[in-house]
Every structure is written in structure tokens, then in C-alpha cells.
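Asks: Sequence first, then the predicted structure:
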Amino acid sequence: MFVRNGAPSIRRAVDSVLAQTHSNIEFIVQDAASTDGTLEILRSYGDRIKLVSEPDNGAHEGLWRGLTRCTGEFVGSCLSDEELVPDAVERAVGVFQAEPDIGAITGDALITDIDGKTTGSWTSGPFNLVDYLTVDYSPYFVSSFFRQTALQEIGLKSEAWGPLSIEFELWCRLATRSRIKYVPGVFGKYASHTGQLSNTSRDVLIHVRGRMAYIEALCAPGAFFDDKPLLRNLFIWGHARAFCNHAMLFGKAEMARDEYAIMMEALARHPPVFLDDVQYDADYQYRRAALDAWKWTGKALPGVIRKALGLPTGDAAQPAFVERLIERRYIGKGYWPTVLQTLLFGRKPPAIAGEIRTPPPPDRQLKARLYAEMALSYEAKNRIPQALESWRFAAIAAGVHEPADENLRADRKQGWADASSSVQ
């Protein structure tokens, strides 16, 4: 547990750990010099917890210090606003002991408010690095456990780490070097509220910068995704959609704009990338529609109509036509009535300071391509079990295999379970 000023809920969190049915537990608590009574509550537990209280530079550093203090064979976590269900550790230890090749497990969670009242649930499903990097899937840390030897093998104490996004880098390193198993069933309770770390601007922006740096490194030449600029940008745009939407959901528009600016800075460090010969950026969907409109309508417009529309003639006509439609946010089929209507009467939306715009999320066919890239990356590293898992994800996304029950086709976990047993 790493904590700063968690007095309102920390006793409930600590008690949930100390009440585990598996009693052989080392309980490491890393306190960031709390000033709200947290420290006094923690000290009341005496030697049942191993407490260190010292200033740090944020949650990322608290997590790092806590992780590196752990000496147990398996490692889990429970933050000050969370809880473990009573048999969570017992079940996790049992899975690790039964399957020695597993480096980490992740399970399901209940969602609560700050007072511990259940407000929802989360069914996790199999860990998938592409979905994690596009932020279509994220395991809850409170429902996840790690084998100590796997943490050492990914360089917990022997390699340089980016100091800003430890949890994110931890999952990425484990996914590329170890095996992560999904275990159905609730292991913990995750608190969602306005005061949580993911809604604290300072910690979030530090974390986002760290994520961007690691994504860039992961897709660089010689890295796991060896020199894959399109994947890098798809991952960054996935973060822009998820993080900015989350901030807006909690009424934090300024934080959303700050997050977006960090992500745009990361994209600006690299040349433009193209998806199926179309530049993949915030205007991607408009750019595709505009190019389609030029193909079916624009290049057939007589010169007199081009002139009337204020379009140049010759080779300059196409880029001017496309740019005009992009400016006016054209989404259409390329038929001349809608094209001309947009050119004649369409209006560019008013500019908004710090406007947040993203391309649409990858469709199933694009996701299948990403899973295939992931499979090839695993094959290049001779990680054959993970490669086979990735090819199965690709098969599901591409529609090569669908669950038999129509009602379950949208269920990621069920689709995976079906495909795992039948797709070779």
C-alpha cells in the first residue's frame, strides 16, 4: 500500500488485508508523510504492518518505493480507498503454485464509492497488450498479483525504469517478457470518486508524460514493436480518447486539455504516419471522406464550377478541394449533392481554445491488424504461447471465429474462451 492523506478510508483498506484467509502476509505500507491523521491510524496497527513514512514526488514514486521493499514470493496491492475480498490472496497464491510459468494474474473487481458502497462491477477478461496500449482494456491493480521472480526478471531492481509511470511500465514489461493469466472472479474493490489518484491533476499529468515516453520507446527501432510508427500513433490516440474523456466525465476540462497537449507534443516529435495511404491524425475521418469525395465527385467537376467554388485549377485543385472539406468537417459518401452543399453552405465549426479532437477508434479489421503485429512481435522474441494468444485475438477481431451464441458475440471474454478452445 502506498498512501498520502487517506484517513477517511484507510482503516477499512488495512483491515481487509489483515483479515485475509491466507495469513502468511508481509504488509508493506509506504506513506508519503501524510498530515491528515493517516499516519496515526497506521501506527495503531503496530508491527502487523511494515510502515515507512517519508516525503515523495508523487504516487509513482510511492508505488516504486513500496514495490522495491516487498520481499514476499508474490506481490499484490491495496490502496487506502480499496479493499481485498477475504480470500483474494489465498486464491492468487493457489493459482501461482499450480502454474509456475505464470508471471502475473489479473481478475475481476467490484466498483465502490469513497465509503466502500458498491456502485458497479468490472469483468476483466484476458490481458492483451494492444488493448492495454490503446486503453480499451485496463486491469485493476487491486485485483492483480505478481510473482516476485517475474518482477525481478523484468528488471525491477536491476534495470533503469522511467520514473513517471511505474504501473504502466510494469504491465508492459510483464506482457512482453512473461505470461499474464486472467482468473475469473472478484479479488478486490476499486474505488471510483472525484478524489482518487486518477482524478488528481498533478499525478495524472506526470503519469501521462511517462506513458507517452514509454510508448515511444516501445515502438522504436529494436524495441518490442520494432520501428512501428503507426502503432505508436494509434496507441497515443487511444490514450487521448480514454484519458480526456475520463477527465471530462469528472468535470475536469482543464485537466483534459492539459493531457491532450502532452499527447500532441508526443505526436509532434515524429513525422506524420499513414493508415491505408491516408494521414492518420485528428482529421483522419474527414480526410478519408474528403479523398473519397474527390475520387467520385471533385475531379469530375467542370472548370467553371471549380472557379465558381473558388477552387484552383490544375494540380492544385485536389489538395484545395480536400482541405476545404476537412475544414468543414465533411463526413459523407462522396456524392455530388452533399459535396456541393458542404462546399457552398457548410461552415467550419468555431475554433475552441484547447479543442480536443481525435480520430475514431480502430474498427475490428484494424484491431485484427494490430493483434497480428503483436503476434509477429512475440514470434520475433520466440514467445510462442503469447504469439498464439495474439493470433486468436486477431481471429476473433477479423470475424474468422465468432462465439456460437449471437448474444455473446460482443462479450470479449466469452469470445476469447470460445476461440481459445477451437481456433488453431
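Replies: Looks like it arrived, so ask away.

Asks: Test my guess that residue 381 contacts residue 222.
Replies: No: taking CB atoms under 8 Å as the definition, residue 381 is not a contact partner of residue 222, at 11.8 Å. Using the backbone N, CA and C atoms, a C-beta is placed for each residue, glycine as well.

Asks: Those two: which has the busier surroundings?
Replies: residue 381 (14 against 6; other CB atoms under 10 Å).

Asks: and that one, what does it touch?
Replies: Neighbouring residues of residue 381 by CB atoms under 8 Å, 6 or more residues apart in numbering: 176, 224.

Asks: got it, and residue 154?
Replies: Shown in contact with residue 154 (CB under 8 Å, 6+ apart): 170, 173-174, 177-178.

Asks: quick one: the strands in this protein?
Replies: Secondary structure of the chain (DSSP state E): strands located at 2-3, 28-31, 50-53, 74-76, 83-84, 104-112, 118-122, 144-147, 180-191, 274-275, 278-279.

Asks: Can I get the ones you listed in TSV including distance to residue 207, mean neighbour count and mean pLDDT?
Replies: Formatted as TSV, the strands of the chain follow (distance: least, CB to CB, whole Å; neighbours: other CB atoms under 10 Å; pLDDT from 0 to 100):
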stretch	distance to residue 207	mean neighbour count	mean pLDDT
strand 2-3	14	25	96
strand 28-31	17	23	98
strand 50-53	22	15	98
strand 74-76	20	22	98
strand 83-84	23	24	98
strand 104-112	19	22	95
strand 118-122	20	12	89
strand 144-147	17	25	98
strand 180-191	17	20	95
strand 274-275	27	15	96
strand 278-279	29	14	95
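
Asks: which one is residue 11 nearest to, not counting chain neighbours?
Replies: residue 41 (5.7 Å; CB to CB, 6 or more residues apart in numbering).

Asks: Now do the helices in the stretch 1-150 of the chain.
Replies: Remark: helices assigned in the stretch 1-150 of the chain by DSSP state H, counting those that start in this stretch are 7-18, 38-43, 59-69, 88-98, 129-133, 148-153.

Asks: any weak-confidence spans in the stretch 101-250 of the chain?
Replies: 193-200 (pLDDT under 70).

Asks: let's see it at 90
Replies: Low-confidence segments of the stretch 101-250 of the chain, defined by pLDDT under 90: 113-116, 120-125, 137-138, 162-164, 191-204, 246-250.

Asks: can you pull the buried residues of stretch 63-73?
Replies: 63-67, 70 (16 or more other CB atoms under 10 Å).

Asks: Out of those, which comes closest to residue 54?
Replies: When these are ranked by distance to residue 54 (CB to CB), residue 65 comes first, at 8.0 Å.

Asks: quick one: contacts for the closest one?
Replies: Neighbour list for residue 65: 2, 30, 52, 56 [criterion: CB under 8 Å, 6+ apart].

Asks: switch the cut-off to 6 Å
Replies: By CB atoms under 6 Å, 6 or more residues apart in numbering, the contact list for residue 65 reads residue 30.

Asks: okay, now the residue lying closest to residue 326 once chain neighbours are set aside: neighbour count?
Replies: Nearest residue to residue 326 in three dimensions, chain neighbours excluded: residue 286, at 4.6 Å (CB to CB, 6+ apart). The tally of other residues near residue 286 (other CB under 10 Å) stands at 21.

Asks: go on, residue 355?
Replies: 11.

Asks: Tabulate the contacts of residue 154 (TSV), appending neighbour count and distance to residue 201.
Replies: Shown next, in TSV, are these (neighbours: other CB atoms under 10 Å; distance: CB to CB, whole Å):
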residue	neighbour count	distance to residue 201
170	21	23
173	22	27
174	22	28
177	16	33
178	20	33
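
Asks: ok, so of those, who is nearest residue 397?
Replies: residue 174 (22.7 Å).

Asks: OK, contacts around the closest one?
Replies: Neighbour list for residue 174: 103-104, 154, 180 [criterion: CB under 6 Å, 6+ apart].

Asks: could I get these as JSON lines with distance to residue 321?
Replies: Formatted as JSON lines, those follow (distance: CB to CB, whole Å):
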{"residue": "103", "distance to residue 321": "53"}
{"residue": "104", "distance to residue 321": "52"}
{"residue": "154", "distance to residue 321": "51"}
{"residue": "180", "distance to residue 321": "49"}
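
Asks: Next, give me the two most distant ones among the residues you listed.
Replies: Largest separation among the contacts of residue 174 by CB to CB: 154 and 180, giving 11.6 Å.

Asks: Next, the buried residues of stretch 371-380.
Replies: Across stretch 371-380, burial judged by 16+ other CB under 10 Å covers 371-378.

Asks: okay if I get the strands of the chain as JSON lines plus distance to residue 393?
Replies: Conversion of the strands of the chain to JSON lines gives the following (distance: least, CB to CB, whole Å):
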{"stretch": "strand 2-3", "distance to residue 393": "33"}
{"stretch": "strand 28-31", "distance to residue 393": "35"}
{"stretch": "strand 50-53", "distance to residue 393": "40"}
{"stretch": "strand 74-76", "distance to residue 393": "27"}
{"stretch": "strand 83-84", "distance to residue 393": "30"}
{"stretch": "strand 104-112", "distance to residue 393": "16"}
{"stretch": "strand 118-122", "distance to residue 393": "20"}
{"stretch": "strand 144-147", "distance to residue 393": "20"}
{"stretch": "strand 180-191", "distance to residue 393": "13"}
{"stretch": "strand 274-275", "distance to residue 393": "20"}
{"stretch": "strand 278-279", "distance to residue 393": "25"}
